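In: Need the 3D shape of this:
(one chain, ligands or ions: 2)
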Amino acid sequence: MSDLTYLKGIGPSTINKLNKLDIYNIDDLIDYYPYRYEILKKTNLDAETSIISGVISSSVNIYYFGKKNSLRFKILYDNRIINVVIYNRGFLKKNLTISKTITLIGKYDPKTNLFTASDIKLYDLGNRVEINPIYHLVKGLTNNNLNKYINLAIDSVLINDYIPEVLKEKYNFLDKKESLKIIHNPSKDLNNAIKRCKYEELFLFSLKMNELKNKNSKNNIGYKRSIDKDKINEFISSLPFELTKDQLNVLDEIFTDLSSPKRMNRLVQGDVGSGKTIVAFLAMYALSLDKYQSALMAPTEILAHQHYLNMVKLFDGYELNIKEILGSTSKKEKELIKEELASGKIDIIIGTHALLQDDISFNNLGLIITDEQHRFGVNQRSNLRNKGNLVDVLYLSATPIPRTYALTIYGDMDISIIKTMPSGRKPVKTINITNNTEDTKRLLVTIKKELDNNHQVYIVSPLIESEDEEADIKKIYDNYSKAFKDYTIGILHGKMTSKEKDGIMEEFQKGKINILISTTVIEVGVDVKNATLIIIYDAYKFGLATLHQLRGRVGRNDLESKCILVSDRDTKRLQIMEETTDGFKLAEEDFKLRGSGDLFGTKQSGDMNFKIANLTRDFDILLKAKEDSDNILKNIDKYPELKRILDDSINKD
Ligand code: ADP
Ligand code: MG
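Out: Ligands and ions are numbered 1, 2, ... in the order given. Coordinates of the predicted model:
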């Protein structure tokens with residue numbers, strides 16, 4: 001694998017920073033796309049965000065406060081002098097020399113004659129329209145430098161172009177290398193370049209999907225499991241609630257799969273809170289009654305641990321040996337668990353997907369379940385099926401993808417849907433507000449009311465462009481600490497270790513924490529019944545499907561729950577959240593709106609870890625890619641390069 005050190009001017013400290021962005025080699029660097037573009041065109045001084053050019057007309061003063069700094073100077077603009085301030089760009093001082101023309105981006109306040117710049121370009125924009133790629137960054141790495149490294153990487157290796165010549169001609173696509181160059185150094189062909197790279201990614205995805213489907217249908221011989229309906233019904237009637245009609249239907253479909261000689265390869269789609277977990281538990285219980293082992297995998301440790309606790313509680317008194325393996329599990333304990341899995345002493349093992357990467361061997365693994373399937377990729381899907389001896393596989397997903405889309409994206413699986421919600425649930429009331437003082441005051445009152453009723457509150461803030469996640473979330477924490485002195489506030493973000501996260505989550509679950517402030521790590525599946533209010537800051541940064549997932553953290557029992565979306569932008573789109581709590585409907589709306597908003601969506605919303613494509617927004621490209629890949633696959637021997645990557649990514653059984 002081409003090492004980053006081969007690139008000129010990249011030293012250990014830069015490599016360290018790139019690693020934080022999951023860039024470990026030159027290929028990763030080439031796969032790193034801007035998440036949006038900044039479009040620069042001069043505006044008037046009074047625009048919402050103004051972009052103006054002016055001449056520096058004073059010396060530049062730097063002021064320090066703590067670790068932060070500000071630069072202050074004056075510019076001549078349109079025959080008048082304007083004061084300028086910019087924060088934390090001390091390093092620019094040496095470049096801001098008197099009488100130089102620069103371009104300022106920011107906001108002008110006529111009352112104080114002060115222009116607060118969020119960015120400064122060290123040149124005159126003139127009458128040009130400039131389009132700049134903007135990347136997700138880490139501290140100490142500038143957008144310009146990252147762009148430079150990516151350009152270096154593109155120039156330093158041979159770029160593989162996977163789109164067959166016939167298709168390139170069909171769509172008039174540019175070369176791969178040329179497209180990459182344009183994406184990182186925009187020119188008039190930008191749209192073609194982006195489309196081409198998205199297409200390539202979706203084409204390879206479709207190719208794999210189609211190959212997987214072919215293989216599954218050729219190789220779907222499994223075991224006939226015998227299902228002990230009596231014992232299962234006995235357990236079901238001991239539950240504190242009645243299963244919904246859809247839960248029962250889906251269970252039926254699963255049991256039919258399990259008891260047929262075919263291998264199960266089924267996806268259960270169900271809206272947040274529809275009760276997929278119990279269905280999974282029952283499938284595992286059924287297998288254990290037939291003396292087979294099962295593994296349940298969740299995308300995060302928090303969720304895996306929650307499943308473990310729930311299952312142990314539900315099956316208290318049953319002869320069922322359930323264990324969990326987490327990052328925090330001690331080595332000694334792990335060894336013991338491995339031994340017991342190999343000897344068949346353990347019936348059910350719960351963990352993250354690292355579970356199957358470990359060198360674990362089972363006595364007779366019969367069923368693998370992955371929760372929140374949309375977090376896993378196609379490759380992981382085929383790896384799962386290759387594990388164990390003709391093992392049945394069940395996927396759970398809360399991403400409510402309309403059926404036609406699901407058939408394309410999950411074309412290799414059978415699909416079950418849970419639509420009905422458990423009875424007694426009240427729909428979560430959703431309210432859109434802005435950041436202004438009036439709304440903020442009312443928000444604080446609402447929070448106080450919930451806290452006084454002994455309910456708990458989630459506060460979610462997206463990753464902010466600066467990527468200094470820890471600092472951003474601490475700021476919110478500080479504000480809330482001041483406003484709610486008598487309450488315990490917890491904080492949860494991606495930079496914490498899983499042990500720390502679990503600790504906080506456990507305290508929140510136990511009610512010891514009243515307000516939990518977090519980035520989107522809570523998105524998947526966390527179930528705290530006493531939480532009745534969720535506040536989502538900068539809601540415009542999320543897709544409707546993600547907002548719906550987040551909203552699903554509350555309204556998990558018969559209490560009245562609220563979701564408050566705080567946003568100064570995109571209010572029309574967010575309005576839909578107030579109108580419906582039907583996840584499938586929201587997904588449809590998301591699809592209709594695709595193409596709007598930022599070009600690539602935010603980093604954390606990627607459905608299947610695509611680098612540039614976005615399944616929802618680029619669905620039309622996916623449909624074309626799927627059709628094309630069907631045809632190519634029929635003649636795959638003519639395309640040795642494609643055949644090689646297919647063979648590499650889809651392991652042989
Ligand atoms: P999801 O489908 O989002 O994974 P969960 O499986 O976590 O949802 O279920 C959400 C909550 O609803 C859990 O607390 C679960 O115990 C409860 N639940 C599941 N099925 C029912 C039901 N039929 N009636 C009432 N509550 C249920
Ligand atoms: Mg779940």
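In: show me the contacts for the residue in the stretch 1-150 of the chain positioned nearest to ligand 1.
Out: As assessed by CB to the nearest ligand atom, ligand 1 sits closest to residue 22 within the stretch 1-150 of the chain, at 27.7 Å. All C-beta spots, glycine's among them, are computed from the backbone N, C-alpha and C. By CB atoms under 8 Å, 6 or more residues apart in numbering, residue 22 lies in contact with residue 28.
In: mind checking the SS state of it?
Out: coil (DSSP: H, G, I helix; E, B strand; the rest coil).
In: any idea how far it lies from residue 550?
Out: Distance of residue 22 to residue 550, computed by CB to CB, to the nearest Å: 24 Å.
In: Also residue 320?
Out: In terms of CB to CB, residue 320 sits 33 Å off from residue 550.
In: higher neighbour count, those two?
Out: The neighbour comparison of residue 320 against residue 550 (other CB atoms under 10 Å) goes to residue 550, with 22 against 18.
In: Which elements pack onto the helix or strand containing that one?
Out: Element membership for residue 550 (DSSP states H and E) is helix 544-551. Under the contact criterion of 3 or more CB pairs under 8 Å, 6 or more residues apart in numbering; DSSP states H and E, helix 544-551 touches strand 531-536, strand 562-566, helix 571-579, helix 583-592.
In: Compute the inter-axis angle for it and strand 562-566.
Out: 130 degrees (axes from the mean of the first three to the mean of the last three CA atoms, to 10 degrees).
In: can you give me the angle helix 544-551 makes with helix 583-592?
Out: Using the same axes, to 10 degrees: helix 544-551 against helix 583-592 is 150 degrees.
In: ok now helix 544-551, how far from the chain's centre?
Out: Distance of helix 544-551 from the chain centroid (CA atoms, centre = their mean, to the nearest Å) equals 11 Å.
In: What of stretch 262-274?
Out: 20 Å.
In: Check stretch 46-56 too.
Out: Centroid separation for stretch 46-56 versus its chain: 35 Å, with CA atoms, centre = their mean.
In: Kindly provide the whole-number mean pLDDT of that stretch.
Out: For stretch 46-56, the mean pLDDT works out to 94.
In: ok, now stretch 475-490?
Out: 91.
In: Format the CA atom coordinates belonging to the helix holding residue 550 as CSV.
Out: Extracted in CSV, the C-alpha atoms of helix 544-551 (Å, rounded to 0.1, in the frame of the first residue of the first chain):
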residue,chain,number,x,y,z
LEU,A,544,-34.8,14.0,7.7
ALA,A,545,-34.1,10.3,8.2
THR,A,546,-31.3,11.1,10.7
LEU,A,547,-33.5,13.6,12.5
HIS,A,548,-36.2,11.0,12.6
GLN,A,549,-33.8,8.5,14.2
LEU,A,550,-32.7,11.1,16.7
ARG,A,551,-36.3,11.9,17.5
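In: Could you list the low-pLDDT ranges of the stretch 501-650 of the chain?
Out: Flagging of the stretch 501-650 of the chain using pLDDT under 70 yields the residue ranges 520-525, 591-609, 616, 650.
In: Is the residue of it at minimum distance from ligand 1 in a helix, a strand, or coil?
Out: Using CB to the nearest ligand atom, the single residue of the stretch 501-650 of the chain nearest to ligand 1 is residue 527, 4.6 Å away. Recorded secondary structure, residue 527: coil (three-state DSSP).
In: mind showing which ranges of the chain have poor pLDDT?
Out: 1, 219, 357-358, 373-389, 400-405, 463-472, 520-525, 591-609, 616, 650-653.
In: near ligand 1, which residues of it?
Out: Applying CB under 6 Å from any ligand atom, one finds that the chain approaches ligand 1 through 241-244, 247, 270, 272-278, 398, 422, 525, 527, 556.
In: From residue 492, how far out is the closest residue to residue 489 other than its chain neighbours?
Out: Leaving aside its chain neighbours, residue 489 sits nearest to residue 515 (4.6 Å; criterion: CB to CB, 6 or more residues apart in numbering). As judged by CB to CB, residue 515 and residue 492 stand 11 Å apart.
In: now residue 203
Out: Relative to residue 492, and taking CB to CB, residue 203 is found at 38 Å.
In: what number of residues lie near residue 492?
Out: Neighbours of residue 492 (other CB under 10 Å): 25.
In: so it makes contact with residue 516?
Out: Yes: with contacts counted by CB atoms under 8 Å, residue 492 reaches residue 516, the gap being 6.3 Å.
In: thought residue 613 was touching residue 195?
Out: No: in this structure, residue 613 is not within contact of residue 195 by CB under 8 Å, at 9.8 Å.
In: before we move on, what SS does residue 119 have?
Out: Recorded secondary structure, residue 119: strand (three-state DSSP).
In: any idea what sits nearest it, other than its immediate chain neighbours?
Out: Leaving aside its chain neighbours, residue 119 sits nearest to residue 105 (4.4 Å; criterion: CB to CB, 6+ apart).
In: what about that neighbour, neighbour count?
Out: Counted by other CB under 10 Å, the residues lying close to residue 105 total 19.
In: Could you do residue 160 as well?
Out: 12.
In: Make sure it is indeed in a strand.
Out: No: counting by three-state DSSP, residue 160 is not found in a strand; it is coil.
In: Look up how far residue 176 lies from it.
Out: Residue 160 is 7 Å from residue 176, by CB to CB.
In: what do you get for residue 617?
Out: 21 Å.
In: give the contact list for the residue at the greatest distance from the centre of the chain.
Out: Relative to the mean C-alpha coordinate of the chain, counting by CA atoms, centre = their mean, the farthest residue is residue 79 (48.7 Å). With CB under 8 Å, 6+ apart as the criterion, no residue contacts residue 79.
In: tell me how far the ends of stretch 343-360 are from each other?
Out: Terminal residues of stretch 343-360 lie 11 Å apart, using CA to CA, to the nearest Å.
In: mind listing what's buried in that stretch?
Out: For stretch 343-360, a neighbour-count test (16 or more other CB atoms under 10 Å) marks 346, 347, 348, 349, 350, 351, 352, 353, 355, 356, 360 as buried.
In: and what of stretch 570-582?
Out: Buried, per 16+ other CB under 10 Å, within stretch 570-582: 570, 573, 574, 576, 577, 580, 581, 582.
In: And the contacts of that stretch?
Out: With CB under 8 Å, 6+ apart as the test, stretch 570-582 has contacts from 271, 427-428, 430-432, 434, 539-540, 544, 547-548, 551, 563, 565, 567, 586, 589, 593, 596-597.
In: any idea how far whichever residue of the stretch 351-500 of the chain sits closest to ligand 1 is from residue 310?
Out: With CB to the nearest ligand atom, the shortest gap between the stretch 351-500 of the chain and ligand 1 falls at residue 422, namely 3.1 Å. Distance, residue 422 to residue 310, by CB to CB: 15 Å.
In: do the same with residue 511
Out: Applying CB to CB to residue 511 and residue 310 gives a distance of 17 Å.
In: circling back to that earlier point, ok, the residue of the stretch 351-500 of the chain closest to ligand 1 touching residue 245?
Out: No: the pair residue 422 / residue 245 is not scored as a contact, 10.9 Å apart, by CB under 8 Å.
In: Between those two, tell me which one has more neighbours.
Out: The neighbour comparison of residue 422 against residue 245 (other CB under 10 Å) goes to residue 422, with 17 against 11.
In: contacting residues for the more buried one?
Out: Residues near residue 422 by CB under 8 Å, 6+ apart: 241, 244, 273, 274, 275.
In: burial of the closest residue to the third one other than its chain neighbours, as a residue count?
Out: Nearest residue to residue 273, sequence neighbours excluded (CB to CB, 6+ apart): residue 552, at 5.2 Å. If you count neighbours by other CB under 10 Å, residue 552 ends up with 24.
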